[in-house]
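K.L.:
sequence and computational prediction follow.
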Amino acid sequence: MGQLFGTDGIRGIANKDLTPELAFKVGRAGAYVLSKGNKGRIVVGKDTRKSGDMLEAALTAGICSMGIDVVSLGIVPTPAVAYLTRKYEGLAGVVISASHNPVEYNGIKFFNENGYKLNDDIEEEIERIILNDEDIPIRPIKEDIGQTIIENDGYKYYTEHLKTVIEGDFKGIKIAVDCGNGAVYKIAPQLLKEMKAEVVVINDKPNGGNINVKCGSTNPSMIRSLVLETKADIGLSFDGDADRLIAVDEKGDIIDGDHILSICGTELHKKGKLNKDTIVGTVMTNMGLDVYLKDKGMDIVKTAVGDRYVIEEMLSKGYTLGGEQSGHIIFLDHNTTGDGLLTGIMLIQVMKETGKSMSELNSLMTNFPQVLVNARVKNELKSSYLEDEEIKSEINKIEEMFHGEGRVVIRPSGTEPLIRVMIEGKDHKKIEDIAIGLAKFIEERIGE
């Protein structure tokens, strides 16, 4: 992870950390690296933050100064940019969004020409050019300067694509939707109504400052209340850029990413469409999913936390379904990144085809209790905790004690001087005591 690029692009407080000056440089450097000397276009979309206009203007200026055209999609979900980058045969795609983060933040993330997030090497090349203030000897003039192409209806190609993913319509199904005042505020209700569902919507009136504010996937209490009040069959709650989904069944119970994988994975497996009978999760995936999949003749492989790592594993091994507990779900047969709206459609399709309620589907797998405790440590030591033999030995002792019915997951925080200790097992009180004890032990060894 570099100084600019994190696990999901560049992020910071808009006009403070992520300035228009930086966005301009990112536009130039990104266009230079991703165009590979070719002429063409780069597709750009954004969420509903007020700062999006400022950053888009600066980013676009940087791209156009390289002789590359910009296809401006306006406010669209991140997965729409990934899809439309391929549709418009773009050299790359760019999303201006900070996803689920508070409104004062914004971000810039890239897709390559095939709609996939950039690998580390390419991000590092772009970052090196910016941080070293390297001169890019390309300054076209006259008609060779890039221009902006406004495509305010470009999203319709994306929604039409989503309609082809399922058979029939959603007539007779009542869907509650929390748009989070984000990028999906118009697209989601419109699409579901076109598919003949009865739709009840909240938080679909963005004003530039209310994205993710006490709503959306990070505040599922709102969609839970809406489902119960309106007696909906399912609730869909999106984050700011709609690349992930948290759903709710008709009883108001949360359907997180692990349960979504169990539901959709089971149906794809029955149809012979789950390649290699395997799902890709992360180290944070609940062990309940492991147990369920094994019982049903399916496997799971796990990656580091981050949907980009899930996708890399899927591409390298030929898997078609993967995702994270947080709701980033990738259906690689249909899109190249986590797609909240696609995930919602796939869930509803399973409910329709099986004739089962969402609560029945939500009970396919049973969660193992998980406890997460933070250990405050010296920042310079947080990534080298396994070099301490006593910490390593303590972790091994705990894992041996579980006999395969529990586990220890430890990872350093990306932004704070913390080590996150996650213990999973069948007995909540027992694992809570173990997690607190291990965190305390780590602090004693390498704490501040």
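P.N.:
The structure has been received and is ready for your questions.

K.L.:
from here on, contacts and neighbour counts on C-alpha atoms
P.N.:
OK.

K.L.:
how about the most centrally placed residue in the chain, nearest residue that isn't a chain neighbour?
P.N.:
Centroid-nearest residue in the chain: residue 328, 4.2 Å away (criterion: Cα atoms, centre = their mean). Once flanking residues are discounted, residue 328 sits nearest to residue 244: 4.4 Å by Cα to Cα, 6 or more residues apart in numbering.

K.L.:
show me the contacts for that neighbour.
P.N.:
238, 326-329, 338-341 (Cα atoms under 8 Å, 6 or more residues apart in numbering).

K.L.:
let me have these in CSV, extended by pLDDT and distance to residue 301.
P.N.:
Converted to CSV, the contacts of residue 244 look like this (pLDDT from 0 to 100; distance: Cα to Cα, whole Å):
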residue, pLDDT, distance to residue 301
238, 98, 26
326, 91, 17
327, 94, 17
328, 95, 16
329, 98, 15
338, 96, 18
339, 98, 20
340, 98, 22
341, 98, 25
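
K.L.:
top of those residues by number of neighbours, please.
P.N.:
Tallying neighbours with other Cα atoms under 10 Å puts residue 238 at the head of those, with 36 neighbours.

K.L.:
so that one sits right up against residue 217, yeah?
P.N.:
Yes: counting by Cα atoms under 8 Å, residue 238 touches residue 217, with 4.9 Å between them.

K.L.:
need the helices for the stretch 201-350 of the chain, in chain order.
P.N.:
221-230, 257-270, 287-295, 307-317, 340-354 (DSSP state H, counting those that start in this stretch).

K.L.:
out of those, which comes closest to residue 249?
P.N.:
Residue 249 sits nearest to helix 221-230 of all the helices of the stretch 201-350 of the chain, at 7.9 Å, using Cα to Cα.

K.L.:
list of residues touching that closest one?
P.N.:
176-178, 200, 215-216, 232-237, 248-254.

K.L.:
count of neighbours near residue 139?
P.N.:
Around residue 139 sit 11 other residues, with neighbours defined as other Cα under 10 Å.

K.L.:
phi first, then psi, for the nearest residue to residue 49 once chain neighbours are set aside.
P.N.:
Sequence neighbours aside, residue 208 is the residue nearest to residue 49 in space, at 4.5 Å (criterion: Cα to Cα, 6+ apart). Main-chain dihedrals, residue 208, degrees, to the nearest 10: phi 90, psi -20.

K.L.:
what's the burial count for residue 208?
P.N.:
Neighbours of residue 208 (other Cα under 10 Å): 15.

K.L.:
any idea how far it is from residue 106?
P.N.:
Residue 208 sits 12 Å away from residue 106, taking Cα to Cα, to the nearest Å as the criterion.

K.L.:
got it, and residue 440?
P.N.:
35 Å.

K.L.:
in the protein, where is pLDDT below threshold?
P.N.:
1-2, 414-415 (pLDDT under 70).

K.L.:
do that again at 80, thanks
P.N.:
1-2, 7, 404, 414-416, 448 (pLDDT under 80).

K.L.:
centre of it to the edge, which residue is at the far end?
P.N.:
Most peripheral residue of the chain (Cα atoms, centre = their mean): residue 142, 40.4 Å.

K.L.:
can you give me phi and psi for that residue?
P.N.:
Residue torsions, per degrees, to the nearest 10, at residue 142 are phi 50, psi -130.

K.L.:
and if you look at the one 10 residues further on?
P.N.:
For residue 152, the backbone dihedrals (degrees, to the nearest 10) come out as phi -70, psi -20.

K.L.:
list the contacts of it.
P.N.:
Contacts of residue 152 by Cα under 8 Å, 6+ apart are 72-74.

K.L.:
dump the residues you listed to a markdown table, plus secondary structure, neighbour count and distance to residue 160.
P.N.:
Putting these into a markdown table (DSSP: H, G, I helix; E, B strand; the rest coil; neighbours: other Cα atoms under 10 Å; distance: Cα to Cα, whole Å) gives the following:
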| residue | secondary structure | neighbour count | distance to residue 160 |
| --- | --- | --- | --- |
| 72 | strand | 20 | 19 |
| 73 | strand | 22 | 16 |
| 74 | strand | 21 | 18 |
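
K.L.:
shouldn't residue 381 be in contact with residue 448?
P.N.:
No: the pair residue 381 / residue 448 is not scored as a contact, 9.9 Å apart, by Cα under 8 Å.

K.L.:
which residue of these two possesses the greater neighbour count?
P.N.:
Of the pair residue 381 and residue 448, residue 381 is the one with more neighbours under other Cα under 10 Å, namely 18 against 11.

K.L.:
SS state for residue 31?
P.N.:
Using DSSP: H, G, I helix; E, B strand; the rest coil as the criterion, the local structure at residue 31 reads helix.

K.L.:
that one touches residue 65, doesn't it?
P.N.:
No: using Cα under 8 Å, residue 31 makes no contact with residue 65, being 9.3 Å away.

K.L.:
what about the two, which has more around it?
P.N.:
Neighbours were counted for residue 31 and for residue 65 using other Cα under 10 Å; residue 31 has more, 28 against 22.

K.L.:
which residues touch that one?
P.N.:
42, 63, 66, 68.

K.L.:
try residue 157
P.N.:
Taking Cα under 8 Å, 6+ apart, we find residue 157 in contact with residue 84.

K.L.:
verify the assumption that it is located in a helix.
P.N.:
Yes: per three-state DSSP, residue 157 lies within a helix segment.

K.L.:
against residue 79, how distant is it?
P.N.:
Taking Cα to Cα, one finds residue 157 at 12 Å from residue 79.

K.L.:
same check, this time on residue 394
P.N.:
42 Å.

K.L.:
what does residue 353 give?
P.N.:
On the measure of Cα to Cα, residue 353 and residue 79 end up 25 Å apart.

K.L.:
out of those two, which sits in the busier spot?
P.N.:
residue 79 (24 against 10).

K.L.:
outside of the stretch of helix or strand residue 84 belongs to, which residues touch it?
P.N.:
Taking DSSP states H and E as the definition, residue 84 sits inside helix 78-87. By Cα under 8 Å, 6+ apart, the residues outside helix 78-87 that reach it are 42-46, 91-95, 111, 113-116, 154-155, 157-158, 241-243, 335-339.
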